[in-house]
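Chemist: got a sequence here, can you build the structure:
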Amino acid sequence: MQNRAVSTTFPKTRPSRKGYSIEQVEDFLEDARRAYTAERGEVSVVDAATIRRTSFALQKGGYAPEHVDAALERLEDAFATRERERLIAQQGEDALVARMRDTAQQIVNRIARPKGNRFERVSLLAKGYDRAQVDALADRIAGHLQSDAPLEVAEVRTAAFHPRRGGYRESQVDLLLDDVIDVLLAVG
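Modeler: Here you go, the predicted structure:
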């Protein structure tokens, strides 16, 4: 455990309420700072996808989650922009466009499946994501990718689905949503 001065990076929850672990948030932000300022070619453990998947333990009197989450979204945007710029510098814009077009086509292929069968289902004894809710978001994603209907990154990032017995396998849905976010950020 590092001996760190009292931090005021984010507002804290009341002492009786749970927020994000201050130590974990501060450690992650320090790793992100190092990664962002690293020279091109240096190995980095933090990228836009890592930021998107980051979670923190809860502790009483921790950082207010809504403030940390908003900062992580901005940080993810900054990393995604830099990653896009570096890819273009290394391989050219055509490579980025080809990669995103391929990813978008994979997304469209997945969500073109019949409603209720777009993802693997968990057993009837287990809970997964509500299929109707996932399918509704999948329809919005398809509308955006196929006909440029409006869709904001925040809508995909903050998507939440009720747990349902026999629902969609969470890991499959989450991976697809990660790909959607990558495409939206790359063309953004």
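
Chemist: tell me where the model's unsure across the protein.
Modeler: Scanning the chain for pLDDT under 70 picks out 1-8, 41-43, 188.

Chemist: for this protein, what spans make up the strands?
Modeler: Under the criterion DSSP state E, strands of the chain are mapped to 18-20, 58-60, 127-129, 163-165.

Chemist: save those strands as JSON lines, and put in distance to Asn117 and mean neighbour count too.
Modeler: To be clear about C-beta, it is placed using only N, CA and C from the backbone, and glycine gets the same treatment. Converted to JSON lines, those look like this (distance: least, CB to CB, whole Å; neighbours: other CB atoms under 10 Å):
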{"stretch": "strand 18-20", "distance to Asn117": "37", "mean neighbour count": "20"}
{"stretch": "strand 58-60", "distance to Asn117": "36", "mean neighbour count": "14"}
{"stretch": "strand 127-129", "distance to Asn117": "13", "mean neighbour count": "21"}
{"stretch": "strand 163-165", "distance to Asn117": "15", "mean neighbour count": "14"}
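
Chemist: among those, which comes closest to Ala70?
Modeler: strand 18-20 (12.3 Å; CB to CB).

Chemist: show the contacting residues for the most centrally placed residue in the chain.
Modeler: Nearest to the mean C-alpha position of the chain, by CA atoms, centre = their mean, lies Arg52 at 3.3 Å. For Arg52, the contact set (CB atoms under 8 Å, 6 or more residues apart in numbering) comprises Leu72, Glu76, Arg157, Asp178, Ile181.
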